[in-house]
Structure formats: C-alpha cells, structure tokens
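S.K.: Give the three-dimensional model of this entry:
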Amino acid sequence: MANKQGYKQVKRMTPAMRIIHWVNAFSMIVAVATGLYIGAPYYQTFIADPAVDKYVMAWNRWGHFIVAIIFDVTSIIVAYLYFFSRFEKPYKKILPTPTNIKEFFAVLVNLLTLNRTKNFDSTHSDSFNIVYFTIFHLLLVWMLLTGLQMYVHGLGSGLSSIGEWWPAMLHLVTDWTIPVSGWLVAGGPTATLMDVRISHHITMWLIITWVAFHIYYQVWRTIFWKEGDIAIVIGGSKFVKEDKEA
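M.R.: Next up, the predicted model:
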C-alpha cells in the first residue's frame, strides 16, 4: 500500500497484540452482560416455563466463567509481553525516569489543550498511554482474583471435579482479597465475602469508565494528530510525518 506523501507507515501492534485486544474486547462485553445478570437478574426466558427451569442463571454463570478463563490466559500473555516482548517492552515507559515523566506530562498537556501543544514524539507508545494501559490490566487482575474468591466459596466442601488441589490453591491465592476488599469498601476488620462482591462490582464500573475514555482518546488522537491511530487495532500500523521520525 502506498504511503501518503510526507508520511511514513509505522508498525505499532503485532498480529498477536491485535488478537489479544479484540478477544479481550468481546470477552469484556460478555463478562459485563453476564456479571450484571448474576448480581441482579434483569431478564427471563420468553418461554412460558420459569427461568429457573431453563437454567438461565446457570448459563450466565457458565459464560461468565469461560470469559474469565480467557482473561486469565490473555493476562498471562500480556504480562509476559510487558517485560519480554521482542517488539517493544512497555515496562520501560512506566519507569519514573526524567524522560518518561516529561513525556507523560507533555501528552497530558496535549490532551488538555486540545492539541495546541505537542512537544513529544508520537511515533511509538508514549508514557501516558502505557500508564493507562497498565492501570487497566491491574484492574483486570483484581477482577480475576476477586471473581475466583467468590467462585471458590461455591466449593465449600473443599472438593471439585478435578480434585482437592484446585479449591485449596484458589483459597491460598485469593483469600487475602477479603480483608483488602473490606478495607476498600470500608468493611474494616469485619470484612466478609460481601465486601469482595461489592469491590468486584465497583471495579467493573471502573473498567467500563476506562474503556469509555480509551475509545474517546483513540478517536481524539485520530482527529487531532491525523496519524490514523484508530486503525492501529485493525491493521497494526499508523502514519507519522516523516520529519517527526525518530
């Protein structure tokens, strides 16, 4: 494909990164829809039989658990690529070095002033975007841990279809989310599983807010920078002016 005169095509996302992006996007839609139903059933089967006879809750719980497993897998992959990717290593942009701090605030000022000031190189991922990216995945990890804590309480006998090791491991890994959730939602020393549920629910809304700003900001960058940022998640590339090439 021919480049627009005066612009250079720059690769920003590998095929694996784009696949992970869209898998997470569609999984998140399913997770939110089923999670809201699990918390407060908001629809029922249109057939004459009661919803309980059609296993509506069971299917929602199953769908929610499946996308949670998908998030587990993609989170492990993202965590690995965060530090060891041969394409780019995002962790280098989150380190509080003078260069990264300067770039972070330069991007923030660019956003707040509606592009009137742009004193940074937009060819590659900037510190602002990487910090934002990191916050999302930290929220996602918290969702996974609190979700597994609620799940393991359904295995109160300490048994599961794959053995006793599974509930034991989940308790070992996630029981600490109860006191932390209590602290987060003001439950204090009397923290219970309900605090975990509330924390899980609140985090969902934080993630939805994150997604809303993410979409807004990518559209904003595309309009103001005129470098085709919105196309990165489709084709993997953007276009930058050749005189800005690093």
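S.K.: Please make it C-alpha for all contacts and neighbour counts, starting now.
M.R.: Noted.
S.K.: Tell me which helix or strand comes right after the lengthiest helix in the chain.
M.R.: The residue-count maximum for a helix in the chain (DSSP state H) belongs to helix 193-225. Note on helix 193-225: by DSSP states H and E, the next helix or strand toward the C-terminus is helix 232-235.
S.K.: check contacts around L193.
M.R.: Each residue near L193 by Cα atoms under 8 Å, 6 or more residues apart in numbering is listed here: 150, 178.
S.K.: can you do 7 Å?
M.R.: For L193, the contacting residues are I178, by Cα atoms under 7 Å, 6 or more residues apart in numbering.
S.K.: so which helix or strand takes in the closest residue to T34 other than its chain neighbours?
M.R.: In this structure, T34 finds its nearest non-sequential neighbour in N60, 5.2 Å apart by Cα to Cα, 6 or more residues apart in numbering. Using DSSP H and E, N60 maps to helix 56-84.
S.K.: Output the contacting helices and strands for that helix.
M.R.: For helix 56-84, the elements it packs on are helix 15-39, judged by 3 or more Cα pairs under 7 Å, 6 or more residues apart in numbering; DSSP states H and E.
S.K.: which residues touch the helix it packs on?
M.R.: 57, 60-61, 63-64, 67, 71, 74, 233.
S.K.: what angle separates that helix from helix 193-225?
M.R.: 140 degrees (axes from the mean of the first three to the mean of the last three Cα atoms, to 10 degrees).
S.K.: For V240, what are phi and psi?
M.R.: phi -130, psi 150 (degrees, to the nearest 10).
S.K.: Wait, it touches H124, no?
M.R.: No: look at V240 against H124 with Cα atoms under 7 Å: they stay out of range, at 9.8 Å.
S.K.: Among the two, which residue is more densely surrounded?
M.R.: Using other Cα atoms under 10 Å as the criterion, V240 and H124 rank with V240 on top: 23 against 14.
S.K.: What's opposite the more buried one in the beta bridge?
M.R.: Under the criterion DSSP bridges, V240 forms beta bridges with K8.
S.K.: what about it, distance to Y82?
M.R.: 24 Å (Cα to Cα, to the nearest Å).
S.K.: ok now do F83, which residues does it touch?
M.R.: Contacts for F83 (Cα under 7 Å, 6+ apart) come out as 89-91.
S.K.: Recalculate using a threshold of 6 Å.
M.R.: K89 (Cα atoms under 6 Å, 6 or more residues apart in numbering).
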